[in-house]
Structure formats: structure tokens, C-alpha cells
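Enquirer: Just a sequence and a predicted model for now, questions to come.
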Amino acid sequence: TTAPPPPRTSTSSRANTLLPSESEILFKIMESMSSDQDWRASYPQPCGAGSSWPGIECKPGNDNRLHVSRLDFGTLPNPTCKPTATFPYLVFSLPHIQSVFFFNCFARTRTTLSVSPTRLLNSSLQQLSLRSNPALVGPIPPQISSLKSLEVLTLSQNRLTGFIPVELFSLKSLIHLDLSYNLLIGAIPSQIGNLKNLVGLDMSYNSLGGSIPSTIGQLGQLQKLDLSSNSLIGRIPDTMENLNSLVFMALSNNRLRGKFPTGVSKLQNLQYIIMENNPMDIPLPVEFGTLVKLQELRLGNSSYSGTIPPSFTKLMNLSTLSLQNNQLTGEIPVGFGTLSHIYHLNLSRNLLTGVVPFDASFLKRLGRNLDLTGNPGLCLNPAAAYGVKIGVNACKTSKNGSLIVPMKQSEAASPFLDWFYVIGVLGIPQ
């Protein structure tokens with residue numbers, strides 16, 4: 001007689017269980033990170049159907065078993081972090097891990113992002129995110145460059161210090177890099193141009209210095225660039241004109257100055273230019289008027305001079321225009337009143353003159369979102385001025401019915417100066 005076949009382990013039961021070695025790594029991580037519950041007792045099969053714990057994701061591997069592919073820590077419903085939690089370097093030992101998130105996790109016990117390169121060599125990690133961890137200190141370890149599969153690296157709102165390691169820019173798979181809101185110093189390494197697949201780059205709110213490297217123009221896929229609130233100096237490099245996928249550019253609160261790249265009009269996908277608080281000390285670039293997809297243009301407090309280019313009136317998608325606290329002269333372009341999407345217009349604290357070219361319906365639509373204060377040479381047509389408070393007085397009317405712009409009190413004291421001012425406003429030949 002033929003012997004009966006040996007009993008076989010059910011494929012389905014194997015598929016719901018982790019390898020013992022992987023389970024042990026996972027339990028060690030959880031026990032070091034969270035005291036929400038007794039993880040071994042509560043979830044002996046962390047990936048089992050109906051018993052998987054919050055903040056974990058498992059996926060089947062080629063061996064027909066489930067493996068830990070994602071871990072989330074920090075805020076409910078994910079496991080919260082206990083006060084003694086420090087960065088668990090063991091996550092890099094999970095053989096199939098793809099995504100790890102630590103949000104508001106390391107808040108009490110100081111910890112560093114120290115890793116061993118040998119532990120990272122075979123890591124399958126694609127996304128590493130550490131956000132809002134006030135006790136995460138020290139430098140960014142160069143060994144992160146061993147995570148060759150990494151596509152998203154978020155190290156935002158921590159207290160990381162030191163220079164940005166050059167090795168970081170060997171991660172050719174990176175799509176998003178966010179180092180914002182830390183205490184990083186030094187220049188932006190020129191090797192940044194190696195990250196050809198980068199779509200989002202955020203280094204805002206650090207203490208980075210030097211100039212923007214010209215190699216940034218090699219990031220042809222880049223859609224978001226935020227370098228605001230650093231100490232960057234010099235001109236915006238001409239190579240920026242090559243970033244023709246760019247949608248969002250924020251360079252506010254630096255020490256940038258001088259001319260924009262002549263080819264800025266090539267950036268036809270730009271929707272947001274946020275560049276307030278830089279000592280630019282130039283006229284407003286006429287080329288901005290060719291960027292027809294622009295929705296926000298913020299150039300306040302940046303020492304711009306001269307008149308507002310009439311080309312700006314062609315920006316029909318514009319919802320926000322901030323030009324406050326510059327040295328702009330001349331009249332407000334008449335076409336601004338036809339910008340149907342404009343919601344916020346700030347031209348305050350300049351040297352603008354003439355009659356405000358907005359009708360009553362435009363003034364009513366913007367309401368408090370229109371600020372023209374601090375331009376003594378501006379006045380409002382009396383027909384539109386009734387019940388409107390935008391920091392501009394109504395124009396006076398001369399005997400022949402022409403509108404006369406009100407004078408500063410100091411200038412009005414001189415009848416000679418007053419007469420020449422009226423001549424200029426009315427265009428009377430001299």
C-alpha cells in the first residue's frame with residue numbers, strides 16, 4: 001500500500017504570518033517606541049487578517065508570506081511614541097520595509113538619526129519621513145546615501161544641524177526632498193544637479209548661505225522649489241530658465257539681489273512666485289507679464305523701483321498680487337480692474353500717483369483685500385469712493401471738472417509746488 005502523503009502547512013496560514021525573525025525585529029521596534037499596549041500579547045500575528053495593529057501595513061512577498069511594508073508612528077490612530085522613544089535604527093533591518101513615518105514622535109528624549117551603512121545596504125526603503133520631532137538633533141548622516149531605493153526623504157520640522165551632506169545627492173531615485181524647518185548651515189551643494197528625477201525640493205527655514213548653485217538648472221522635472229527664509233545671497237542663476245516644469249517658486253526672506261534671468265519668460269508653467277523680503281533693487285521684470293498661468297505673485301518689501309509694467313494686466317489667472325513696501329512710481333495700470341480672478345491686491349507703501357482706476361464693483365469685490373494705503377499721491381474717483389475704505393482719499397475736483405490728486409500736507413503748504421503737481425497730473429503742457 002502507498003504511504004499517505006505527509007501533512008502540508010496550509011498556504012493560507014503561512015501567508016498570514018510573518019517570518020519569526022521579522023516578527024522579532026518588529027516587536028523590538030514597537031516595544032522601544034510605544035507603550036500604548038503590550039504589542040506581543042495584543043497582536044501576536046501583526047499582519048494577520050483581522051488582528052493587524054494600527055500604523056502597520058503588510059504586503060505579500062515572492063515567498064508567499066506577508067511582510068511589513070509600512071510603519072507609521074506619532075499620532076492616533078497610529079501608535080503614539082513614549083517619552084523615552086529614540087530613533088529605532090532596527091527599522092532598516094526589516095527586509096521588505098518600503099515606507100516609515102515618524103510624526104511628532106521624538107519630543108522628550110534627545111535622539112539622532114544615526115545609522116550603520118552596512119545595515120542599509122540591502123534596504124528596500126522608498127520613503128523615510130521624520131516630521132515635527134523637536135528632540136531629533138544632530139547632523140544628517142551621510143550614510144543615508146546607502147538607501148539607493150529612496151524616492152521620498154522628508155526631514156522637516158526637527159532640530160537637525162550642520163551642513164547638508166554631499167552624499168545625499170547621490171540618491172538618483174529621489175523624487176521629493178524636504179529638509180525644511182531645521183538648523184542647517186552652509187551652502188547648498190552644487191551636486192544638487194545630480195537629482196535629475198527631483199519633482200519637489202524644500203530647504204526653507206534653515207540658515208543656509210551662499211548663492212543658489214547654477215546646477216539647480218539641471219533639475220528638469222522640478223515642479224516645487226522652496227528656498228525661502230535662509231540667508232542666500234547674490235543673483236538668481238540664469239540656469240533657472242531651464243526649469244520649465246516649475247509650478248511653485250518660493251525664495252522669500254533671503255538676501256537675493258539683482259536681475260532675474262533673462263529667460264524667465266520660458267517658465268510657462270509657473271503659477272506661484274513668492275519672493276518677498278529680498279533687497280532686489282531693480283525695476284519689476286516686464287517678463288513676469290508673459291507667465292500667463294500665474295496665480296500668485298508676491299514681491300513685497302524688495303526695493304523694486306520704477307513703474308508697474310502694463311504687461312502685468314495680462315495675467316488673467318492672477319488671484320494675489322503683493323507689491324507693497326517698494327519704491328514703485330507712476331499710476332496703477334488701468335487693466336488691473338479687469339483681472340477677474342484677483343482676490344488680494346496689495347500696492348501699499350509705494351510712491352504711486354494718479355486716480356485709482358477701479359470701479360465700485362471691483363472695490364466692493366475685493367473689500368479689505370485691497371490695500372492702497374501709504375501712497376499719498378493716489379486718489380479715488382468720488383463716484384466710486386462712497387462708503388469705501390481703502391486708505392485713499394477721494395480726488396478733489398477743479399473748477400473745470402478735472403480730478404486733482406490730493407497733496408501731502410508738507411507739499412500743500414507751497415502754492416508753487418501745488419500748481420506744478422496739478423500740471424503734471426492733468427497733463428497740461430508747460
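Expert: Structure's in. What do you need? Numbers count the residues shown, from 1 in each chain.

Enquirer: Next, the contact list for the residue lying closest to Ser129 once chain neighbours are set aside, please.
Expert: Counting by C-beta to C-beta, 6 or more residues apart in numbering, the nearest residue to Ser129 once its immediate chain neighbours are dropped is Thr154, at 4.0 Å. From N, CA and C alone the C-beta is placed, and that goes for glycine too. Applying C-beta atoms under 8 Å, 6 or more residues apart in numbering, we find Thr154 in contact with 127-131, 176, 178.

Enquirer: Just flag the most distant two among those residues.
Expert: Among those, the pair separated by the greatest distance (C-beta to C-beta) is Leu130 and His176, at 13.7 Å.

Enquirer: quick one: which of the two has more around it?
Expert: Leu130 (23 against 17; other C-beta atoms under 10 Å).

Enquirer: which helix is the longest one in this structure?
Expert: Ranked by residue count under DSSP state H, the longest helix found in the chain is helix 20-33.

Enquirer: Tell me which other helices or strands it touches.
Expert: Packing contacts for helix 20-33, counted by 3 or more C-beta pairs under 8 Å, 6 or more residues apart in numbering; DSSP states H and E, involve helix 39-42, strand 66-73.

Enquirer: Using neighbour counts, pick out the buried residues of that helix.
Expert: Of all the residues in helix 20-33, those buried under the rule 16 or more other C-beta atoms under 10 Å are 22-23, 25-26, 29-30, 32-33.

Enquirer: The residue nearest to Ser129 pairs with what?
Expert: Ser129, Asp178 (DSSP bridges).

Enquirer: relative to strand 66-73, how tilted is the longest helix of the chain?
Expert: 10 degrees (axes from the mean of the first three to the mean of the last three C-alpha atoms, to 10 degrees).

Enquirer: Can you mark which positions in stretch 72-85 are buried?
Expert: Buried residues in stretch 72-85, counted by 16+ other C-beta under 10 Å: 72-74, 78-81, 85.

Enquirer: Let me see the mean pLDDT of stretch 333-344.
Expert: The pLDDT scores in stretch 333-344 average 95.

Enquirer: Could you pull out the buried residues of it?
Expert: So stretch 333-344, judged by 16+ other C-beta under 10 Å, has buried residues 333, 336-337, 339, 342-344.

Enquirer: And for stretch 367-381?
Expert: For stretch 367-381, the buried set under the neighbour-count rule, 16+ other C-beta under 10 Å, comprises 370-380.

Enquirer: Point out the ones among those residues that are inside strands.
Expert: 370-371, 377-380 (DSSP state E).

Enquirer: Using JSON lines, please lay out these together with pLDDT and distance to Gln45.
Expert: As requested, those are exported to JSON lines (pLDDT from 0 to 100; distance: C-beta to C-beta, whole Å):
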{"residue": "Leu370", "pLDDT": "95", "distance to Gln45": "62"}
{"residue": "Asp371", "pLDDT": "95", "distance to Gln45": "61"}
{"residue": "Gly377", "pLDDT": "95", "distance to Gln45": "76"}
{"residue": "Leu378", "pLDDT": "95", "distance to Gln45": "72"}
{"residue": "Cys379", "pLDDT": "92", "distance to Gln45": "77"}
{"residue": "Leu380", "pLDDT": "90", "distance to Gln45": "73"}
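
Enquirer: With respect to Val115, which of those residues is nearest?
Expert: Relative to Val115, the closest of these is Asp371; by C-beta to C-beta it sits at 50.0 Å.

Enquirer: contacting residues around Val115?
Expert: 89, 92, 141, 143-144.

Enquirer: give me the low-pLDDT residue ranges for the stretch 151-300 of the chain?
Expert: The stretch 151-300 of the chain contains no residues with pLDDT under 70.

Enquirer: What segments of it are strands?
Expert: 152-154, 159-163, 176-178, 183-187, 200-202, 207-209, 224-226, 233-234, 248-250, 255-256, 272-274, 296-298 (DSSP state E, counting those that start in this stretch).

Enquirer: what sits up against the fifth one?
Expert: Identification of contacts with strand 200-202 by C-beta under 8 Å, 6+ apart yields 156, 175-180, 192, 195, 219, 222-226.

Enquirer: do the fourth one as well
Expert: By C-beta under 8 Å, 6+ apart, the residues outside strand 183-187 that reach it are 140, 159-164, 203, 206-211, 213.

Enquirer: Buried ones from those residues, can you make that a ChimeraX selection?
Expert: A single ChimeraX command selects the buried members of the contacts of strand 183-187 (16+ other C-beta under 10 Å):
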select :140,160,164,203,206,208,213
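
Enquirer: Asn326: which of the contacts of strand 183-187 is nearest?
Expert: After measuring these against Asn326 - C-beta to C-beta - the closest member comes out as Ser211, at 23.2 Å.

Enquirer: what residues are up against that closest one?
Expert: 187, 232-235, 237.

Enquirer: Could I get these in a markdown table, plus columns for neighbour count and distance to Met275?
Expert: Converted to a markdown table, these look like this (neighbours: other C-beta atoms under 10 Å; distance: C-beta to C-beta, whole Å):
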| residue | neighbour count | distance to Met275 |
| --- | --- | --- |
| Ala187 | 14 | 20 |
| Leu232 | 22 | 12 |
| Ile233 | 15 | 14 |
| Gly234 | 13 | 14 |
| Arg235 | 15 | 13 |
| Pro237 | 16 | 15 |
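
Enquirer: Can I get those residues in TSV including distance to Asn244?
Expert: As requested, the contacts of Ser211 are exported to TSV (distance: C-beta to C-beta, whole Å):
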residue	distance to Asn244
Ala187	25
Leu232	22
Ile233	26
Gly234	23
Arg235	20
Pro237	15
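
Enquirer: most centrally placed residue in this structure?
Expert: Asp226 (4.7 Å; C-alpha atoms, centre = their mean).

Enquirer: Hmm, that one is touching Tyr205, no?
Expert: No: between Asp226 and Tyr205 there is no contact under C-beta atoms under 8 Å: 9.1 Å.
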